[in-house]
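Q: Return atomic coordinates for the entry below.
(one chain, ligands or ions: 1)
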Amino acid sequence: MKNHKWSRGVAVVGAGMSRFGAFADKTSRDLFVEAYQEMKSSIDKGFDPDRIDAFYLGNFSSDQFEKQAHLAPILASWIGLSPIASVRVENACASGGIAIRQAALAIASGEYDVVLVGGLEKMTDLDISAVTEALATAADTQFEIPAGFTFPGFYAAMATAYMAEHGAPREAFYHVSIKNHENGALNDKAQFGQTIKQIMESKKKRAEEKGRPVPEWQNEIEFLSDPKGNPNIAWPMALFDCSPVSDGGAVALLVAEDIAKEFTDTPLYLIGSGQASDGALPDRETLASIPAAEAAAKQAYAMAGLTPDDIDLAEVHDCFTIAEIMAIEDLGFFPRGGGWKAAMEGKTARDGEHPVNTSGGLKAKGHPVGASGVGQLNEIWKQLRGVAGARQLQGNPRIGLAHNVGGSGQTCVVNIFERRD
Ligand code: COA
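A: Predicted structure coming up:
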């Protein structure tokens with residue numbers, strides 16, 4: 001196998017993000033500035049923006065969502081960074097994670113020392129059918145879209161294949177959703193600040209207030225099993241299996257390892273990174289896993305010299321609940337066909353053997369598509385530095401992994417970060 005060692009190390013010295021959600025009164029620039037300001041104040045030893053050599057922005061489709069292409073230089077100018085080199089990186093929903101990797105490679109090459117990485121998407125200015133149509137341009141528009149697919153449909157096909165191959169019950173997906181909403185409820189940046197139990201109770205209360213029959217759901221599983229509480233979107237993916245449509249921005253500052261301590265005594269080091277690609281669904285041998293994710297993870301583990309059991313926490317790309325179950329297998333945390341059981345047994349909870357999506361994941365934190373990869377890094381930044389508040393993992397986590405998928409698995413990037421002290 002190729003030796004994936006880089007000639008120069010890369011560190012993260014600051015990170016920040018806006019709240020994720022639906023913000024009719026904000027522009028994407030407002031969200032980006034919010035994230036940038038928080039990143040600046042996260043740098044322990046202060047920071048002179050004149051030191052930034054280049055800017056890489058993960059953004060899927062501001063041209064479709066906001067009728068604004070060429071976003072990177074516009075944002076760089078907006079925050080006073082012109083004339084630095086500014087690049088928009090587009091790899092569908094993996095745009096943010098790939099922007100991190102491209103920025104890191106540019107530092108590793110020796111070209112730059114200090115690079116600003118951003119992720120940004122403002123999706124909610126369009127109505128849901130226009131959003132669905134815009135997202136569909138990330139699929140194969142010659143073969144997949146004419147067959148009637150949308151993104152919920154792709155992941156529904158994968159979920160069906162997974163259930164058939166591994167005997168997984170639909171209930172396994174509910175457990176992913178319940179866990180991620182529980183984590184999201186502890187994250188003040190999350191789009192959904194409520195657990196599924198709280199959502200269920202408020203729906204009962206609303207019914208009572210309006211004089212309608214009050215549903216008799218006894219627990220979250222009963223609520224999620226009832227199409228009145230959890231309507232089907234594309235069977236077996238129902239509403240609470242889907243990530244929402246979101247607005248949001250996230251930012252991080254990457255620097256060469258040799259100067260990291262000028263910014264903070266506790267940087268995170270990017271010790272492993274891998275990226276792989278694949279064809280559309282009709283080109284795949286299996287729909288029950290994402291081969292590009294497995295390949296990207298292998299590269300990242302080889303570069304880091306680590307195994308899946310060395311990872312203390314992972315932020316994975318749960319755009320749909322099935323995606324989290326496939327991810328925890330693709331990343332090697334659980335054997336093939338073991339992901340659904342692990343989800344049901346609580347093994348991916350904050351106190352489980354492999355904590356996954358402590359931020360709430362894309363499901364509850366939100367999924368402003370181009371921002372999601374940089375949002376994942378924000379959670380790892382907080383958890384590894386011990387400042388994740390009520391959702392902070394116990395046991396002094398040192399190694400965090402981010403897994404970011406584009407489309408239905410045509411792109412995957414895996415980045416591994418370490419705190420050393
Ligand atoms: N999970 C849980 N609840 C959700 C939700 C989600 N993903 N999306 C919306 N809701 C809730 C809203 O909060 C609202 O609740 P309320 O009635 O109590 O106020 C209700 O559902 C209706 O919201 P609305 O915005 O009208 O939903 P919608 O029907 O327009 O959109 C989906 C729902 C599932 C179709 C949409 O979220 C979606 O397309 N998600 C997938 C996005 C995607 O494909 N991303 C790319 C992944 S690769």
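
Q: For my notes, confirm His403 occurs in a strand.
A: Yes. Looking at His403 with DSSP: H, G, I helix; E, B strand; the rest coil, it is inside a strand.

Q: Phi and psi next, for the residue nearest to it when sequence neighbours are not counted.
A: By the measure of CB to CB, 6 or more residues apart in numbering, the closest residue to His403 outside its immediate chain neighbours is Val316, 4.4 Å from it. (Glycine included, C-beta is placed from N, CA and C.) Val316 adopts backbone torsions of phi -120, psi 160, taken as degrees, to the nearest 10.

Q: so who does Ala85 touch?
A: Asp53, Ala54, Phe55 (CB atoms under 8 Å, 6 or more residues apart in numbering).

Q: Please identify the helix or strand for the residue nearest to Gly96 when sequence neighbours are not counted.
A: What sits nearest to Gly96 in space, not counting adjacent residues and going by CB to CB, 6+ apart, is Gly373, at 2.7 Å. Gly373 is part of helix 372-384, with elements assigned from DSSP states H and E.

Q: for that helix, packing partners?
A: Where contact means 3 or more CB pairs under 8 Å, 6 or more residues apart in numbering; DSSP states H and E, helix 372-384 is packed against strand 10-17, helix 95-108, strand 114-122, strand 247-256, strand 268-277, strand 313-315, strand 399-406, strand 411-419.

Q: who in the stretch 151-300 of the chain is up against the ligand?
A: By CB under 6 Å from any ligand atom, the part of the stretch 151-300 of the chain that sits against the ligand consists of Phe151, Pro152, Ile233, Leu239, Phe240, Cys242, Ser243, Pro244, Val245.

Q: and those residues, which are buried?
A: Buried members of those, scored by 16 or more other CB atoms under 10 Å, are Phe151, Pro152, Ile233, Phe240, Cys242, Ser243, Pro244, Val245.

Q: Which of the residues you listed fall in helices?
A: Residues of those located in helices (DSSP state H): Phe151, Pro152.

Q: Of the buried ones among the residues of the stretch 151-300 of the chain next to the ligand, which pair is most distant in space?
A: Phe151 and Phe240 (15.9 Å; CB to CB).

Q: Number of residues surrounding Gln50?
A: Heads up, residue 50 is Asp, not Gln. Neighbour count for Asp50, taken as other CB atoms under 10 Å: 9.

Q: tally of neighbours for the closest residue to Asn357 other than its chain neighbours?
A: Excluding the flanking residues, the one nearest Asn357 by CB to CB, 6+ apart is Asn180, at 5.3 Å. Residues lying near Asn180 (other CB under 10 Å) number 30.

Q: Near the ligand, list only the ones from the contacts of Ala85.
A: Answer for those near the ligand: none qualify (CB under 6 Å from any ligand atom).

Q: Just these: which are in helices?
A: Short answer: the contacts of Ala85 have none in helices (DSSP H).

Q: Please narrow the residues you listed to those residing in strands.
A: Under the assignment DSSP state E, those contribute Ala54, Phe55 to strands.

Q: Output the contacts of Ala85 in CSV; the columns should cover pLDDT and neighbour count.
A: Formatted as CSV, those follow (pLDDT from 0 to 100; neighbours: other CB atoms under 10 Å):
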residue, pLDDT, neighbour count
Asp53, 98, 16
Ala54, 98, 23
Phe55, 98, 24
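
Q: from the contacts of Ala85, which is closest to Ala99?
A: Phe55 (9.4 Å).

Q: That closest one against Leu81, yeah?
A: Yes. Between Phe55 and Leu81 a contact is recorded at 6.2 Å, counting by CB atoms under 8 Å.

Q: what sits in contact with each of the two?
A: In contact with both Phe55 and Leu81: Leu116, using CB under 8 Å, 6+ apart.

Q: circling back: just to be sure, which of the residues of the stretch 151-300 of the chain next to the ligand are found in strands?
A: Using DSSP E, these in strands are Ile233.

Q: Need the max-distance pair from the residues of the stretch 151-300 of the chain next to the ligand.
A: Using CB to CB, these span at most 15.9 Å, a distance reached by Phe151 and Phe240.

Q: Quick one: distance of the helix holding Gly373 to the chain centre.
A: A distance of 9 Å separates the centroid of the chain from that of helix 372-384, by CA atoms, centre = their mean, to the nearest Å.
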